[in-house]
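Undergrad: Model the structure of this input:
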Amino acid sequence: MKKEANSEQQLIRNFLDGDPSSLQELIERHQSRLYSYIFVMVKDKHLADDVFQDTFIKVIHTLKSGAYSDEGKFIQWVMRIAHNLVIDHFRKAKKVSFTEPKLAFQDVISNLKVTDPSFEDELVTQQIHDDIRGLIDYLPEEQKEVLILRCYNGLSFKEIAEQTDVSINTALGRMRYALINLRKMIQKNNIVLTN
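TA: Now for the predicted structure:
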């Protein structure tokens, strides 16, 4: 075990000294265990492939920036990165129902009925929500991210600022522009938000 830890330290040093084959050896040494761990968590081959790749991109950036402190626990560190990436993915993918009162763009859908809807009303309401979700995909990435974190995940602007590594004012600004752009798209596409 000590020999493997030492050789990992040497492989990391070699990689940092410009030898890409050292990184390849590290990846090959741990890919089976790491990929299995990721796949068990996400249960999707394509997503597991993406997370595996993103994990090593983050490993490379961290190694090159000098932020990795070698304590002989390389694989544990890599698996923690993978675990955090999986958690981030599920956090971003988590969707909260549009009927939650936390929506920042309630004015856009304020005309929806809230009293005992009929089956037809529910279908129309569902279609409106689907239309809005479809439009959200057309927003610039930064605006979409803030809107989803705020409206679907219910995060505060302080939490959004911390998670996206921007100031609260920037997060608020992105939300404001997301709402403005949504309204423009609704008008441009003649989407009716009443039932």
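Undergrad: contacts and neighbour counts: CA atoms only from here.
TA: Will do.
Undergrad: Pop the domain breakdown of this structure in here.
TA: 2-93, 95-195 (automatic domain parsing).
Undergrad: Give the rounded mean pLDDT of the longest one.
TA: This predicted structure assigns domain 95-195 an average pLDDT of 72.
Undergrad: Need the contact partners of stretch 11-18.
TA: Ser21, Ser22, Leu23, Glu25, Leu26, Leu63, Lys64 (CA atoms under 8 Å, 6 or more residues apart in numbering).
Undergrad: Counting by contacts, list what the top helix by length along the chain packs against.
TA: Taking DSSP state H as the criterion, the chain has its longest helix at helix 20-42. Counting by 3 or more CA pairs under 8 Å, 6 or more residues apart in numbering; DSSP states H and E, the packing neighbours recorded for helix 20-42 are helix 2-16, helix 45-65, helix 74-93.
Undergrad: wouldn't Lys158 be in contact with Ile168 here?
TA: Yes. With contact defined as CA atoms under 8 Å, Lys158 reaches Ile168; the gap is 5.9 Å.
Undergrad: one step back: list buried members of the contacts of stretch 11-18 by neighbour count.
TA: With neighbours counted by 16 or more other CA atoms under 10 Å, the contacts of stretch 11-18 contain buried members at Ser22, Leu23, Leu26, Leu63.
Undergrad: quick one: which of those is nearest Ser69?
TA: Leu63 (8.9 Å; CA to CA).
Undergrad: What does the pLDDT read for that closest one?
TA: pLDDT at Leu63 comes out at 88.
Undergrad: So what's the residue count around the closest residue to it other than its chain neighbours?
TA: Once flanking residues are discounted, Leu63 sits nearest to Leu16: 7.4 Å by CA to CA, 6 or more residues apart in numbering. By other CA atoms under 10 Å, 17 other residues sit near Leu16.
Undergrad: With distance to Asn153 as added columns, please give the contacts of stretch 11-18 in TSV.
TA: Putting the contacts of stretch 11-18 into TSV (distance: CA to CA, whole Å) gives the following:
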residue	distance to Asn153
Ser21	42
Ser22	41
Leu23	37
Glu25	40
Leu26	37
Leu63	32
Lys64	33
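Undergrad: Greatest separation within those residues: which pair is it?
TA: Glu25 and Lys64 (16.9 Å).
Undergrad: count of neighbours near the nearest residue to Asn181 once chain neighbours are set aside?
TA: Excluding the flanking residues, the one nearest Asn181 by CA to CA, 6+ apart is Leu139, at 7.2 Å. The tally of other residues near Leu139 (other CA under 10 Å) stands at 18.
Undergrad: Assign Leu139 to helix, strand or coil.
TA: coil (DSSP: H, G, I helix; E, B strand; the rest coil).
Undergrad: OK, contacts around it?
TA: Neighbouring residues of Leu139 by CA under 8 Å, 6+ apart: Ala178, Asn181, Leu182.
Undergrad: From Met175, how far off is Gly154?
TA: 13 Å (CA to CA, to the nearest Å).
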